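Visitor: output the structure for:
(chains A and B)
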Amino acid sequence: DVKVTQSSRYLVKRTGEKVFLECVQDMDHENMFWYRQDPGLGLRLIYFSYDVKMKEKGDIPEGYSVSREKKERFSLILESASTNQTSMYLCASSLPPGTQYFGPGTRLTVL
Amino acid sequence: KQEVTQIPAALSVPEGENLVLNCSFTDSAIYNLQWFRQDPGKGLTSLLLIQSSQREQTSGRLNASLDKSSGRSTLYIAASQPGDSATYLCAVGLRNQGGKLIFGQGTELSVKP
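Guide: Numbering: from 1, shown residues only, chains lettered A, B, ... in the order given. From the prediction side, this is the model:
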């Protein structure tokens, strides 16, 4: 069965902290994605990766970075968390041109 | 720039009704189109994927159609049940961008017993 897991369901951090969100897929997918979801704005792509050590900026990369050292793992990093990064973060993976499979999401609150 | 619109934003129907959710997109040069379901506070569950060369896909009580020339897709749900209550999201996959998805805002469906 297809599985995408995210390291935390809920996370509370303070302004200025460095935050790591991790995503792991067990399907040997090439592509992995990080989205954020906000009321009224919908889902927006932050970064994606189409291979190990490869990354591409999405629509809203500012304030974020990513790391993909292994095929199954894609990490999203908030270098210095700010309150406007409070959101639901969703990770996905796919084999192009196939279905994107999503993880359960991490609800991040930055105080 | 690709834009995806879903109408209506919310829909309430009695149990047993057949219903149609609509999705429109502005650029017909798509890679694929995917329909998702999202329950409150949860991640997205993929329902159906239609490749750009296909016209429709079916899974159980769900049928999704794609008309690229008119920039439209519909999700048909037969014999709706209270368990179908959720937000339904349409997303268009872009060619040459790793299959990046552009999402609509979703239709919030409520099926009343």
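Visitor: partner strands of the longest strand along chain A and their direction?
Guide: In chain A, with assignment by DSSP state E, the single longest strand is strand A:42-51. Here strand A:42-51 has these sheet partners by DSSP bridges: strand A:31-38 (antiparallel), strand A:54-57 (antiparallel).
Visitor: in terms of mean pLDDT, which of these ranks lowest?
Guide: Of all the strands paired with strand A:42-51, mean pLDDT reaches its minimum on strand A:54-57 (a mean of 92).
Visitor: which residues touch it?
Guide: The contact list for strand A:54-57 (Cβ atoms under 8 Å, 6 or more residues apart in numbering or on different chains) reads A:47-50, A:66, A:68, B:97-98. (C-beta placed from N, C-alpha, C; glycine too.)
Visitor: now the buried members of the residues you listed.
Guide: The neighbour count (16 or more other Cβ atoms under 10 Å in any protein chain shown) marks A:47-50, A:66, A:68, B:98 as buried among those.
Visitor: in the chain, which spans are strands?
Guide: You didn't pick a chain, so chain A it is. Using DSSP E, the strands of chain A run over A:4-6, A:10-13, A:19-25, A:31-38, A:42-51, A:54-57, A:64-70, A:73-78, A:87-94, A:101-102, A:106-110.
Visitor: wrong chain, I was asking about chain B
Guide: B:4-7, B:10-14, B:19-25, B:30-38, B:44-51, B:56-59, B:62-67, B:72-77, B:86-94, B:101-103, B:107-112.
Visitor: and those strands as TSV, adding distance to chain A?
Guide: As requested, those are arranged in TSV below (distance: least, Cβ to the nearest Cβ, whole Å):
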stretch	distance to chain A
strand B:4-7	9
strand B:10-14	14
strand B:19-25	13
strand B:30-38	6
strand B:44-51	4
strand B:56-59	11
strand B:62-67	13
strand B:72-77	15
strand B:86-94	7
strand B:101-103	4
strand B:107-112	12
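Visitor: mean neighbour count, the strands paired with strand A:42-51: which tops it?
Guide: For the strands paired with strand A:42-51, the stretch with the most neighbours on average is strand A:31-38, a mean of 23; neighbours defined as mean count of other Cβ atoms under 10 Å in any protein chain shown.
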